[in-house]
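J.: Next comes the sequence, and after it the predicted model I'd like to discuss.
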Amino acid sequence: MTSKNRFQRNLSVFQSCDSEYKDASVVIFSSPMDATCSFKPGTRFAGPAIRNDSIGIEWYSPYFDLDLKDFKTCDIGDLNLAMGDVEKDLNEISRVTKLILRDGKKTMMIGGEHLVTYGTIREYVKKYPDLNIIHFDAHTDLREEFLGRKLSHATVLRKCFDMLQGGTLYQFGIRSGDKEEFEWAKTHIHQHLFDTNGLKEAVEALKDKPVYLTVDLDCLDPSIFPGTGTPEAGGLTFKELEDAFLTMRGLNNLVGADCVELSPDYDPSRVSAQVACKAVREMVLLLHSHE
């Protein structure tokens, strides 16, 4: 298969994102990895839930005044991961990311647990040595190890930070973590607790630099988004997250993104899946917004 047609079109796609791979500038895929969750598992079911429920949202975003159908986006579906084999799964995520980046496209990954971000970032830093990361989450994810694991959804941003060469990490919405993580953050990264204050300044500082956006949906308050494995009270409203997306339109070089940690079965109302759908729509449009 040539690079122009490296991936076949997926039969079930997110919303209207059914372009051929060769034509697309943004490629959606989901990574159903659910191996290191420390509380309630179930994130491997997020991809199909988001695709199935995406019919319930419009193509058009009145926030961005942009329409999904006006852009070329390909959804290649769930990656074929080996259940429980962390290293093998991360290698497959990295392999697919590498191929997509080699073809000059951006990735929009759906989790899966947050550790999947490690698989993409280790390829992004090869293409963009001065890569920066903007991170929305309830949790710091800055441990050096957790429950005996060096690679975990509780260590993922620390491991990603360690790979950065010329860039840095900005965190927003953080409200939970070990005391040592917060102390480490004070001298190593830009950590903004509880809300999105400071985002405008971060966007201005990173305006022309390559930026990867990772959104753990538990940054949202569980009253809005209960369908996650580690809910944490005191979170953002969806309007605050949407305003953050709008602010990030000021980034001239947003190179990739992911949206992780939906566990759809913990919300029988399926509202959490709908929230995730809307977040993914906005993130896809954000990736397209400077075309």
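T.: Arrived safely. Values in this document were obtained by computation on a predicted structure and should not be read as measured data. Numbers count the residues shown, from 1 in each chain.
J.: For residue 62, give its distance to residue 214.
T.: In this view, residue 62 and residue 214 are 25 Å apart by C-beta to C-beta, to the nearest Å. C-beta: built from backbone N, CA, C; applies to glycine.
J.: Could you check which of these two is surrounded by more residues?
T.: Comparing residue 62 with residue 214 by other C-beta atoms under 10 Å, the one with more neighbours is residue 214, at 27 against 7.
J.: can you confirm the more buried one is in a helix?
T.: No - according to DSSP: H, G, I helix; E, B strand; the rest coil, residue 214 belongs to no helix; its state is strand.
J.: give me the number of residues near residue 255?
T.: Neighbours of residue 255 under the rule other C-beta under 10 Å: 19.
J.: And for residue 104?
T.: Counted with other C-beta under 10 Å, residue 104 comes out at 8.
J.: ranges for the helices of the stretch 51-200 of the chain?
T.: For the stretch 51-200 of the chain, the helices defined by DSSP state H, counting those that start in this stretch cover 86-102, 116-127, 156-163, 179-188, 199-205.
J.: List the buried residues for stretch 259-274?
T.: Of the residues in stretch 259-274, 259, 260, 261, 262, 263, 264, 267, 270, 272, 273, 274 count as buried by neighbour count, 16 or more other C-beta atoms under 10 Å.
J.: okay, how far is it across stretch 163-179, tip to tip?
T.: Start-to-end span of stretch 163-179 (C-alpha to C-alpha, to the nearest Å) is 23 Å.
J.: Tell me the gap between that stretch and the middle of its chain.
T.: For stretch 163-179, the distance from its own C-alpha centre to the chain's C-alpha centre is 14 Å (C-alpha atoms, centre = their mean, to the nearest Å).
J.: Average pLDDT for it, rounded please.
T.: Across stretch 163-179, pLDDT averages out at 97.
J.: Kindly report the same for stretch 192-202.
T.: The predicted model assigns stretch 192-202 a mean pLDDT of 98.
J.: Contacts for that stretch next, please.
T.: The contact list for stretch 192-202, computed with C-beta atoms under 8 Å, 6 or more residues apart in numbering, reads 134, 136, 170-175, 190, 234, 236, 240-241, 243-244, 247-248, 250.
J.: For residue 22, find the nearest of the helices of the stretch 51-200 of the chain.
T.: helix 86-102 (12.0 Å; C-beta to C-beta).
J.: Three-state assignment for the residue nearest in space to the middle of the chain, please.
T.: In the chain, the residue lying closest to the centroid (C-alpha atoms, centre = their mean) is residue 258, at 1.8 Å. With three-state DSSP as the basis, residue 258 sits in strand.
J.: Got a PyMOL select line for the buried ones in the contacts of stretch 192-202?
T.: Buried residues within the contacts of stretch 192-202, by 16+ other C-beta under 10 Å, are selected in PyMOL with:
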select buried, resi 134+136+170+171+172+173+174+175+190+236+240+241+244+248
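J.: number of nearby residues for the residue nearest to residue 86 when sequence neighbours are not counted?
T.: Once flanking residues are discounted, residue 86 sits nearest to residue 35: 5.1 Å by C-beta to C-beta, 6 or more residues apart in numbering. Per other C-beta under 10 Å, the neighbour tally for residue 35 reads 22.
J.: Next up, the contacts around residue 35.
T.: Counting by C-beta under 8 Å, 6+ apart, residue 35 touches 83, 84, 85, 86, 89, 113, 115.
J.: separation between the residue nearest to the centre of the chain and residue 240?
T.: 19 Å.
J.: Could you do residue 67 as well?
T.: 24 Å.
J.: so where's the chain shaky on pLDDT?
T.: Scanning the chain for pLDDT under 70 picks out 1-4, 9, 11.
J.: and the contacts of residue 35, which are buried?
T.: Using 16+ other C-beta under 10 Å as the threshold, 86, 89, 113, 115 are the buried ones among the contacts of residue 35.
J.: Quick check, the last one in contact with residue 31.
T.: So the one you mean is residue 115. No - between residue 115 and residue 31 there is no contact under C-beta atoms under 8 Å: 9.2 Å.
J.: ok, back up a step: of the contacts of residue 35, closest to residue 254?
T.: residue 115 (22.0 Å).
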